[in-house]
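# prediction below, plus the sequence it came from.
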Amino acid sequence: MDLQERRGIETDVYQPAEDSRLLADAVCERLANVGDGPGGGRTVLEVGTGSGYVAGRIAAETDARVIASDLNPHAVRQAREVGIETVRADLVSPFVDGAFDAVAFNPPYLPTEPDTEWDDWMERALSGGEDGRAIIDPFLASVGRVLAPGGVVYLLVSSLADVDAVAECAGEEGFSAAAVADHSFPFETLTVLELFR
């Protein structure tokens, strides 16, 4: 791949930032403190992997088998290039029931007015719709299906998307929520929620 192609991918793929690092730190720490899942090993899915940073950290720092997914074909290619087993997918749609002991997701969460959105891959990686939850709510409605018994979800949420509203939506889908990490900035607080049944 030449430099121009690389630059094109990097402008179309969400690259690691503070939210990525917070999610990776929390997931790696939490997985280090739990026992093995069914069959003696754990299988973790990272939804919306972007560059593959979070999935790569989980694979390197835990004993889990990690699978990543992203709707963006550029992200899928970039994550595969760094050795992450990656599937092009819309949220959890192609995966079988009960396949994962943990699911991690750093969703698009920035509130965006419909008339100011532009149609490209970076916009899709950032825009959470008018309330910041346009992707979070469908994810919460579908993720339970792919969780193994005792499985957990690690969801990064911004205060811009209303953490309490996200926890309430998770409750409506049968999850209990606990904040396991957070980091404050002048304009928002990022929180990692652990969702469990």
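Good, I have the coordinates.
# residues contacting the most centrally placed residue in the chain?
Within the chain, the residue whose C-alpha comes closest to the C-alpha centroid is Phe105; the distance, by C-alpha atoms, centre = their mean, is 1.4 Å. With contact set as C-beta atoms under 8 Å, 6 or more residues apart in numbering, Phe105 has these partners: 46-48, 139, 143, 153-156. C-beta here means a position set from N, CA and C on the backbone, and glycine is covered the same way.
# out of these, who has the most neighbours?
Neighbour counts for the contacts of Phe105, by other C-beta atoms under 10 Å, peak at Glu46, which reaches 32 neighbours.
# the closest residue to that residue other than its chain neighbours: what secondary structure?
In space, Glu46 comes closest to Ala55 once its chain neighbours are excluded; the distance is 4.2 Å by C-beta to C-beta, 6 or more residues apart in numbering. Local secondary structure at Ala55 is given as helix here, using DSSP: H, G, I helix; E, B strand; the rest coil.
# quick check, pLDDT for Ala55.
With respect to pLDDT, Ala55 scores 98.
# which outside residues touch the longest helix along the chain?
Longest helix in the chain by number of residues, with DSSP state H as the criterion: helix 18-32. If you take C-beta under 8 Å, 6+ apart as the criterion, helix 18-32 is touched by 14, 42, 44, 50-51, 53-54, 57-58, 61-62, 64, 102, 104, 106, 152, 154, 156, 158, 180-183, 185, 190, 192, 194.
# and these, which of them are buried?
Those of the contacts of helix 18-32 that meet the buried threshold are 14, 42, 44, 50-51, 53-54, 57-58, 62, 64, 102, 104, 106, 152, 154, 156, 158, 181-182, 190, 192, 194, by 16 or more other C-beta atoms under 10 Å.
# quick one on the thing from earlier: what about the longest helix of the chain, average pLDDT?
Here helix 18-32 scores 95 as its mean pLDDT.
# now what about the helix or strand that that helix is followed by, what contacts it?
Scanning the chain past helix 18-32 towards its C-terminal end, the next helix or strand to appear is strand 43-47 (assignment: DSSP states H and E). Among residues not part of strand 43-47, those counted as contacts by C-beta under 8 Å, 6+ apart are 27, 31, 37, 54-55, 58, 62, 64-70, 89, 91-92, 95, 99-105, 107, 139, 143, 146, 148.
# in helices, which of those appear?
When DSSP H defines the helices, the subset of the contacts of strand 43-47 inside them is 27, 31, 54-55, 58, 139, 143.
# and those residues, which two are furthest apart?
Across the ones in helices among the contacts of strand 43-47, no pair lies farther apart than Leu31 and Phe139, at 19.7 Å, counting by C-beta to C-beta.
# what is the mean pLDDT for the one helix or strand Leu156 maps to?
With the criterion set as DSSP H and E, the secondary-structure element containing Leu156 is strand 147-158. On average, the pLDDT along strand 147-158 is 96.
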